[in-house]
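Visitor: what follows is a predicted protein model with its sequence.
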Amino acid sequence: MIKLSQGEHMRKSTVLRQLAAVGMTCLALTVTTTSTASAENIQAGAWQKDGHDFNIRAAASTSAAKIVTIKDPDTRVPCGASRCTRNNNGGTYTCWSGGPTDNDWLKVRWAGKTGWVAALCVEVGRL
C-alpha cells in the first residue's frame, strides 16, 4: 500500500470532487436535453374525418379566404404548435350536409402559412 502525504491526499480528493461535479453536470444536461427533445418531437395534427375533405382557411371563419382543400385521406396537417391551439369563438360552420355544426376551430400550418380548420370536421391526434 502506498501512503500519500497530506497534500497529495487533499489534491486527490479535490480531483475526485471535481470529477463527480462534472459527471453530475453531464447527467443533468443529458436528462434535460432528452426531456426537451422528447417534448418537442411530439406534434399534434389534423386529418380527414370519415373520408370528408376539409378546408384550411386564413381565419377562423367560413367566410375567410380558403388556403387549401385537403382531399387526400393520407394527408396529415400539423397544428400551429406542438398542441393544437383552439379558437372556440370563431365563425359557425357545418362540416358537410347533415354533419356536425359548431364554432370551434384549430390553428394549423400549411405551406408556410398559418390557417384554421373547423375542429369537428377533422380527426385530431399525434402525427
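Guide: Thanks, I have it. This structure is a prediction, so every number in the text was calculated from the model and none was measured.
Visitor: please count neighbours and contacts with C-alpha atoms only from this point.
Guide: OK.
Visitor: for the chain, which segments count as strands?
Guide: 44-48, 54-57, 66-70, 77-78, 86-87, 93-94, 101-102, 105-110, 113-118, 122-126 (DSSP state E).
Visitor: the last one pairs with which strands, parallel or anti?
Guide: Paired with strand 122-126 in the same sheet, following DSSP bridges, are strand 44-48 (antiparallel).
Visitor: what lies in contact with the partner strand?
Guide: With contact meaning CA atoms under 8 Å, 6 or more residues apart in numbering, strand 44-48 is reached by 54, 70, 72-79, 81-84, 108, 121-127.
Visitor: next, the angle strand 66-70 makes with that strand.
Guide: Calculated by axes from the mean of the first three to the mean of the last three CA atoms, to 10 degrees, strand 44-48 forms an angle of 70 degrees with strand 66-70.
Visitor: tell me the mean pLDDT over strand 44-48?
Guide: Mean pLDDT, strand 44-48: 97.
Visitor: what of stretch 111-121?
Guide: Mean pLDDT, taken over the full extent of stretch 111-121, equals 97.
Visitor: now do the same end-to-end measure for it.
Guide: End-to-end distance of stretch 111-121: 20 Å, with CA to CA, to the nearest Å as the criterion.
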